[in-house]
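In: Fold the stuff below for me.
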Amino acid sequence: MTTHIIADASDFVPAVVERYHSDPANLVQILREVQDAYGAISDAALDAISTGLWIPRVQVQGVADFYSFLSDTGRGRYDIRFSNNITDRYLGSAELMAQLCRHFGVQAGVTRPDGLLTVDATSCTGLGDQGPAALINGIAVTRLDAHRIDIIAGLIEEGAPLSEWPEEYFQVIPNVRRADRLLTADLEEGEALRVLVDRGEEAILAELAESGLRGRGGAGFSTAVKWQACRKADADERYVVCNADEGEPGTFKDRVLLQEHADMVFDGMTVCGRLIGAVRGVVYLRGEYRYLLDHLLDVGECGGGAWV
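Out: Down below sits the predicted model:
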């Protein structure tokens, strides 16, 4: 269940801010920890964060208001978010959410007065191939149906922690029907970096240009041109950023790559970092994929010399 730490905000929030070195760049992480601790972000917490980071309160408020996973009103001990993207809706997610709301006598988006649960909708959980799906306390619950909803309702009434729920409810099974060379290449961890060292940076950049490799975003920008521009830029520091957010409801390709091929993602980031002169890499992990964090940390520490 969602953890609510009973503590004095005047002590807890400054301690969180200090742990993040009072750096405004960590504002989202700080807000998320406060949300996890109290179930909501109060006015007092906003004031304390603003003071600790030396930034205007309106800036803190703006970030807190922007992200749907942050709230100024208390969420339930069971925080349930059904996906309402088009694939989940076709599979019946709206009816399943209504079923759970009826069982507990609550309205969607309104926490039950005793604080037991909040049932709500979110735009996309990145689980369109596992639907109908939901996030319960940030954990993916897949392939829901009326029978599973009845069982889940009973588990919630009993106060059962998610660790005691049926394991199959949390299975995110790869549904790749046709995997081309991108996902089937027989590469060892770190092999790409070894090839880069052996052949040299200019040779690899030339091959990237000849291959026509492009980014997967809407612009389809040339990878070689982008990396060359960064390599030649007049800058003291360079970074490699992996944006693990598909940005389009109903899509889930980044989840599959992080779940099944994180070692290749980190190896690719490491190669990019070597070519452009970066020593740090950042993975932006969307809130719906937070449950993958421990997996990514394990892979990052053990595979290919890359870290997340």
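
In: pretty sure Y291 is in contact with I139, am I right?
Out: Yes: using Cβ atoms under 8 Å, Y291 makes contact with I139 at a distance of 5.1 Å. All C-beta atoms are positioned from the backbone trio N, CA, C, and that covers glycine.

In: which neighbours do these two share?
Out: Counting by Cβ atoms under 8 Å, 6 or more residues apart in numbering, no residue touches both Y291 and I139.

In: Would you check how far apart G62 and A206 are?
Out: 45 Å (Cβ to Cβ, to the nearest Å).

In: in a strand, that's where V256 is, yeah?
Out: No: secondary structure of V256 (DSSP: H, G, I helix; E, B strand; the rest coil): helix, not part of a strand.

In: Next, count neighbours for P56.
Out: Neighbour count of P56, defined by other Cβ atoms under 10 Å: 10.

In: ditto for the one 5 residues further on
Out: Burial of Q61 is recorded as 16 neighbouring residues (other Cβ under 10 Å).

In: Helix, strand, or coil at it?
Out: Secondary structure, three-state DSSP: Q61 is helix.

In: can you tell me the helix or strand for the residue nearest to it when sequence neighbours are not counted?
Out: Using Cβ to Cβ, 6 or more residues apart in numbering and skipping residues adjacent in sequence, the residue nearest Q61 is L46, 5.9 Å away. Here L46, judged by DSSP states H and E, is contained in helix 43-53.

In: Which other helices and strands does that helix contact?
Out: Here helix 43-53 touches helix 9-19, helix 27-38, helix 57-66, going by 3 or more Cβ pairs under 8 Å, 6 or more residues apart in numbering; DSSP states H and E.

In: Can you say which of those helices is packed in most?
Out: Each of the helices and strands packed on helix 43-53 was scored by mean neighbour count; the highest is helix 27-38, a mean of 19, by mean count of other Cβ atoms under 10 Å.

In: can you give me how far that one is from the chain middle?
Out: Helix 27-38 sits 15 Å away from the centroid of its parent chain (Cα atoms, centre = their mean, to the nearest Å).

In: what helices or strands is it leaning on?
Out: Counting contacts by 3+ Cβ pairs under 8 Å, 6+ apart, helix 27-38 packs against helix 9-19, helix 43-53, helix 57-66.

In: Residues contacting the helix or strand following the last one, please?
Out: The reference is to helix 57-66. Using DSSP H and E, the helix or strand that follows helix 57-66 in sequence is strand 78-83. Contact partners of strand 78-83, identified using Cβ under 8 Å, 6+ apart, comprise 1-2, 88, 93-94, 96-97, 100, 116-125, 127-128, 131-138, 156.

In: Now do the buried residues in the helix or strand just after strand 78-83.
Out: Proceeding N to C from strand 78-83, the next assigned helix or strand is helix 86-90, under DSSP H and E. Neighbour-count burial for helix 86-90, counted by 16 or more other Cβ atoms under 10 Å, picks out T87, D88, R89.

In: In contact with the second one, which residues?
Out: By that I understand D88. Contacts of D88 (Cβ under 8 Å, 6+ apart): F82, T125, L127, G128, G131, P132, A133.

In: Report pLDDT for it.
Out: For D88, the pLDDT comes out at 92.

In: For D23, list the residues it contacts.
Out: L53.

In: at 10 Å what do you get?
Out: By Cβ atoms under 10 Å, 6 or more residues apart in numbering, the contact set of D23 is V17, Q29, I30, L53.

In: wait, doesn't A244 sit right on R286?
Out: Yes: contact between A244 and R286 holds when scored by Cβ atoms under 10 Å: they sit 6.3 Å apart.

In: if we can go back for a sec, report the angle between the helix holding L46 and helix 27-38.
Out: 140 degrees (axes from the mean of the first three to the mean of the last three Cα atoms, to 10 degrees).

In: quick one: helix 43-53 to helix 9-19, angle?
Out: Orientation of helix 43-53 against helix 9-19 (the same axes, to 10 degrees) gives an angle of 40 degrees.

In: so helix 43-53 versus helix 57-66, what angle?
Out: Using the same axes, to 10 degrees: helix 43-53 against helix 57-66 is 120 degrees.

In: before we move on, back to that, quick one: least confident of the contacts of D88?
Out: Comparing the contacts of D88 by pLDDT, G131 comes last, at 83.

In: Tell me the secondary structure of it, please.
Out: G131 - assigned by three-state DSSP - is coil.

In: For it, give its distance to V279.
Out: For G131 relative to V279 (Cβ to Cβ), the value is 40 Å.

In: Between those two, which is the more surrounded one?
Out: Neighbour totals were compared for G131 and V279, and G131 leads with 23 against 10 (other Cβ under 10 Å).

In: unless I'm mixing things up, that one is touching A94, no?
Out: No: if you go by Cβ under 10 Å, G131 and A94 don't touch, sitting 11.7 Å apart.
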